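Novice: Quick one, fold the following:
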Amino acid sequence: MPRPTTLEDLVGIEHCKLGFYQELQQKVEQLKGSNLEIEKKRKEIQALLDGITDLMVVLSENLRIQRVNHVFTEWFPGINPIGRPCYTIFRGRETRCDDCPALRSLDRDEIVKDLCIYKVGGTFKHYEIIASPLKTSLIGERQILLFKRDVTREKEFQAQFYQAEKMATVGALAAGVAHEINNPLTAILGFAQGLKRRNARLEGKIDQELQEDFKEYTDTIIKECLRCRDIVRTLLTFSRPTVSNLGQIDLNQCVTDTLFILKHHFKEQRNLTVTTALKEDIPQILGDESQLKQVIINLLTNALDATSDGGTILIKTLAADGKVTLVIEDTGCGIPLELQDKLFEPFFTTKPVGKGIGIGLSTCYTIVKNHHGDISVTSTVGKGSTFRVALPGIE
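Specialist: Sure thing, here's the model as predicted:
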């Protein structure tokens, strides 16, 4: 039976080869297009991964690192983690960590979140960890995707906010106590003044020495009551709500009131000299008295801390070019030049742990700016610091 006629028989083998090559060329072009699309997708995915600021690690079932993102080289420069156990790299251990979130995620087949605290480079760090099981790999091995985020600063800020909130609560309690003290204090003062008047009527009717003692006692009671009244009044001024209550203010009087409140702090500090040079007849300023006193007390407290080993503090007021300026100079430890630009940032402090939370100067800056003024600092390490607060005066 004769063989059926094919296309090659009709057009020849060479023409069939040409068609094959044309089809092959079309396939090559399609593959090139697909390759470009894949490369584009790869770059998009890489850009997304590079945008992740958390440390990303892919772990095997036995907790060995298989892949990491670019953040790893920032956290652990010069270390090749591939193939090494995660607990060796991150914790410096030779055995697996207790209650490992990666293993819990693998066992439960669900996303596990955890918060860990451990020592890195001599300091304790807080890390938020998210472990997620990955689908089975091509070779049948299960994997875990691990994200680690350094939340140390967030935890510090949170603790500082709690401390600030606690201080605000203490301030509110102090205001309540001051109100409660004010009532019996008024009664004591009134009765002491009444006793003084009655004693004056007994002139010549009782023993002279006894009357002198009685007068001395009543005068002392009245004087101390008046002193306590001034303290309570100043405390109430400091503890007013933060809502601005603008009025005409004498800056010199604000300084005097604040020095009165801090008087016992000055006495406790040895080898400290506090002097004032308040210019008379300076223009008044428009502002909130309690807030401006808060600025003064914060600046003076910082000066006290800077001169803890002794020195001098000078408080001056000046008036020039329509502005009233408060100057507080100290001969304390000084502030390095590279830190002076950060002084007014929230939660930045040069004080040791437990001495400050870094909101005093930030609060001062906000208050002064709200009063349309300027605050600046000049300092030299080992010689001292000078803070200047310039506020617009009232014509």
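
Novice: For Thr331, report the pLDDT, please.
Specialist: The per-residue pLDDT reported for Thr331 equals 90.

Novice: ok, which stretches of the stretch 251-395 of the chain are helices?
Specialist: 251-261, 263-268, 289-306, 337-340, 360-370 (DSSP state H, counting those that start in this stretch).

Novice: Pick the most deeply packed of these.
Specialist: Per-stretch averages of neighbours, counted by mean count of other Cβ atoms under 10 Å, single out helix 289-306 among the helices of the stretch 251-395 of the chain, with a mean of 22. (Each C-beta comes from the backbone N, C-alpha and C, glycine too.)

Novice: longest single strand anywhere in the protein?
Specialist: Looking across the chain with DSSP state E, the single longest strand is strand 123-134.

Novice: what residue ranges in the stretch 101-250 of the chain score low on pLDDT?
Specialist: 119-122, 136-140, 160, 163-164, 167-168, 170-171, 175, 231, 233-245 (pLDDT under 70).

Novice: one more time with 50
Specialist: Across the stretch 101-250 of the chain, the ranges flagged by pLDDT under 50 are 242-243.

Novice: what about the strands in it?
Specialist: 112-120, 123-134, 143-150, 246-249 (DSSP state E, counting those that start in this stretch).

Novice: residues in contact with the shortest one?
Specialist: Outside strand 246-249, the residues that touch it by Cβ atoms under 8 Å, 6 or more residues apart in numbering are Gln284, Ile285, Leu286, Gly287, Asp288, Glu289, Leu292, Ile394.

Novice: for the fourth one, what are its contacts?
Specialist: By Cβ under 8 Å, 6+ apart, the contact set of Gly287 is Leu246, Gly247, Ile249, His371, Leu391.

Novice: Val112: which of those residues is nearest?
Specialist: His371 (51.3 Å; Cβ to Cβ).

Novice: pLDDT score for that closest one?
Specialist: pLDDT, read off for His371, is 89.

Novice: Could you give the separation of the lengthiest helix in the chain from the chain centroid?
Specialist: Selection of the longest helix in the chain by residue count, based on DSSP state H, yields helix 152-201. Counting by Cα atoms, centre = their mean, to the nearest Å, helix 152-201 is centred 28 Å from the centre of its parent chain.

Novice: angle of it against helix 360-370?
Specialist: 80 degrees (axes from the mean of the first three to the mean of the last three Cα atoms, to 10 degrees).

Novice: Stretch 255-267 spans what distance, first to last residue?
Specialist: Start-to-end span of stretch 255-267 (Cα to Cα, to the nearest Å) is 17 Å.

Novice: ok, Thr256 - contacts?
Specialist: Leu278.

Novice: Distance check, it against Thr317.
Specialist: In this view, Thr256 and Thr317 are 11 Å apart by Cβ to Cβ, to the nearest Å.

Novice: who touches both of the two?
Specialist: Leu278.

Novice: Where does pLDDT dip in the stretch 251-395 of the chain?
Specialist: Along the stretch 251-395 of the chain, segments meeting pLDDT under 50 span 352-359.

Novice: ok, 70 please
Specialist: 340-342, 345-360.

Novice: what's the domain layout of this protein?
Specialist: 55-150, 152-239, 245-395 (automatic domain parsing).

Novice: Check the offset of the first one from the chain's centre.
Specialist: So that's domain 55-150. Put simply, domain 55-150 sits 29 Å off its chain's centre (Cα atoms, centre = their mean).

Novice: do the last one as well
Specialist: Between the mean C-alpha point of domain 245-395 and the mean C-alpha point of its chain there is a distance of 20 Å (Cα atoms, centre = their mean).

Novice: Ala47: which of the domains of the chain is closest?
Specialist: Each of these has some distance to Ala47 by Cβ to Cβ; the shortest is domain 55-150, at 11.4 Å.

Novice: Quick check: end-to-end length of the closest one?
Specialist: Domain 55-150 has an end-to-end distance of 9 Å (criterion: Cα to Cα).

Novice: then stretch 67-75 to CSV, C-alphas only?
Specialist: What follows is stretch 67-75, C-alpha atoms only, in CSV (Å, rounded to 0.1, in the frame of the first residue of the first chain):
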residue,chain,number,x,y,z
ARG,A,67,17.8,32.9,54.2
VAL,A,68,17.9,36.5,55.7
ASN,A,69,17.0,39.9,54.4
HIS,A,70,19.3,43.0,54.2
VAL,A,71,18.5,44.0,57.8
PHE,A,72,20.6,41.1,59.2
THR,A,73,23.8,42.7,57.8
GLU,A,74,22.9,45.9,59.6
TRP,A,75,22.3,44.2,62.9
